[in-house]
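how does the following fold in three dimensions:
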Amino acid sequence: MPFRKIDTKKMVNEKIETDQEFAKAYGEIKKEYDLIQPVTKDKKAISKESI
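I've put the predicted structure just below:
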């Protein structure tokens, strides 16, 4: 049985447009992710230097 392709970006955008609570929660998660991402990059760079 083959896997179906889904467009997650489209699904999320539709949900954001129809559900204000989801839009608020998704915005908060996005902010947290944007803060964590640079720290993760730095930690990976440091671990590569120590090898």
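
state the pLDDT value of Ile51.
The score at Ile51 is 64. That number is its pLDDT.

show me where the chain has its helices.
8-18, 20-49 (DSSP state H).

what's the least confident stretch among those?
Lowest mean pLDDT of these: helix 20-49, a mean of 93.

if we can go back for a sec, same list (the helices of the chain) but as a markdown table, adding mean neighbour count and distance to Met1.
In this view, the C-beta of every residue, glycine as well, is placed from N, C-alpha and C. Converted to a markdown table, the helices of the chain look like this (neighbours: other Cβ atoms under 10 Å; distance: least, Cβ to Cβ, whole Å):
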| stretch | mean neighbour count | distance to Met1 |
| --- | --- | --- |
| helix 8-18 | 11 | 20 |
| helix 20-49 | 10 | 30 |
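
just so I know, which of those lies nearest Pro2?
Set against Pro2 and scored by Cβ to Cβ, those come closest in helix 8-18, at 18.0 Å.

which other helices and strands does that closest one contact?
In terms of contacts (3 or more Cβ pairs under 8 Å, 6 or more residues apart in numbering; DSSP states H and E), helix 8-18 is packed against helix 20-49.
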